[in-house]
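**Student:** Pasting the sequence and the predicted model now:
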Amino acid sequence: MYHFATAEVDINGKLVGAYPYVVGKTFRLPLIQDNLKLTHDFDFNNSNLSRNTYPYNVGEEFANYDFIIESNETIRQTTEVTSVSKGGVENITILNPGTGYKVGDLTSFDNTGTNGTGLSAEVSDIVGLGVSSINTNLSTFEDIVFTWVSNNEVKGKFLPFIDLNNEDNVLVSGLNTSILGLTNSHKIGISTSRVFLTAPTKSINYGQSCYRRYFC
């Protein structure tokens, strides 16, 4: 690429622009003051300058050269879509999974600022949180007295009481009398009974009405 600009020498021996001027509001690179001197005493052979003597190849795909103005920098490039093929999604990362989903629900995606649309999915399975730790509390009760209630039922008695919950696991061991099936681990069941007591109060007359209260 070649260009021509007119210039003349002023009284100080410096180059100054002459008509027709080549000017611009902005310049690609800062002004090099040495270019305004007419001297030719710069020793290129002994300087640290290097020159690229190979082609710029700016017409190649993905090629770029910072020191020349290329057409794509000044002219808007246009392309034409000639074919479209269907592809697949290899993986997806969910940053905010949400809560309250169940299998079969349709998901909702916020496409704001993505320049995309049309993404939809269906919940096929739900993965729960992993177990980080399991704690087991073991309590030991000694001197429990077991007595027969029936031919296949035994009752254990401990004072003052044993704090157990329904379906807790208990291990019976150390019996001084062997009872088949009792020395083992068992899941207990707790039954609850309710008792209601009622007591009448005295009747109180108010005018022509009579009221009687019962407390439960």
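**Tutor:** Received the coordinates, thanks.

**Student:** And the contacts of stretch 31-49?
**Tutor:** Stretch 31-49 is contacted by residues Val9, Gly13, Lys14, Leu15 when judged by C-beta atoms under 8 Å, 6 or more residues apart in numbering. C-betas here are computed from N, CA, C, even on glycine.

**Student:** What about the residues you listed, which are in helices?
**Tutor:** Assigned to helices by DSSP state H, none of these qualify.

**Student:** farthest pair in those residues?
**Tutor:** Across these, no pair lies farther apart than Gly13 and Leu15, at 8.7 Å, counting by C-beta to C-beta.

**Student:** Would you mind telling me which of the two has more residues around it?
**Tutor:** Legend: neighbour count by other C-beta atoms under 10 Å for Gly13 and Leu15, higher for Leu15 (14 against 10).

**Student:** Show me what that one is bridged to.
**Tutor:** Leu15 has these beta-bridge partners by DSSP bridges: Val9.

**Student:** Correct me if wrong: it contacts Thr6.
**Tutor:** No - assessed by C-beta atoms under 8 Å, Leu15 is found out of contact with Thr6, at 10.4 Å.

**Student:** could the contacts of stretch 31-49 go into TSV alongside pLDDT and distance to Glu73?
**Tutor:** Formatted as TSV, the contacts of stretch 31-49 follow (pLDDT from 0 to 100; distance: C-beta to C-beta, whole Å):
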residue	pLDDT	distance to Glu73
Val9	80	34
Gly13	75	37
Lys14	76	32
Leu15	74	29
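
**Student:** Can you pull out the low-pLDDT segments for the protein?
**Tutor:** Residues of the chain meeting the criterion pLDDT under 70: 1-5, 19-27, 38, 190-193, 195-216.

**Student:** again, only this time at 90
**Tutor:** 1-81, 84-216 (pLDDT under 90).

**Student:** And the strands in it?
**Tutor:** All strands of the chain, identified by DSSP state E, fall at 7-9, 15-17, 145-150, 153-157, 169-171, 185-187, 199-200, 204-206, 209-211, 214-215.

**Student:** which residues of the chain fall in helices?
**Tutor:** So, for the chain - with DSSP H - the helices run 71-74.

**Student:** And the residue nearest the centre of it?
**Tutor:** The structure's the chain has its C-alpha centroid closest to Leu95; by C-alpha atoms, centre = their mean the separation is 2.9 Å.

**Student:** What about His40, how many residues nearby?
**Tutor:** A total of 5 residues lie near His40 under the criterion other C-beta under 10 Å.

**Student:** gap between it and Thr117?
**Tutor:** 65 Å (C-beta to C-beta, to the nearest Å).

**Student:** same question, Leu95
**Tutor:** 19 Å.

**Student:** swap in Tyr54?
**Tutor:** From Tyr54 across to Thr117, the span is 46 Å (C-beta to C-beta).

**Student:** Having no further points to raise, I will conclude here.
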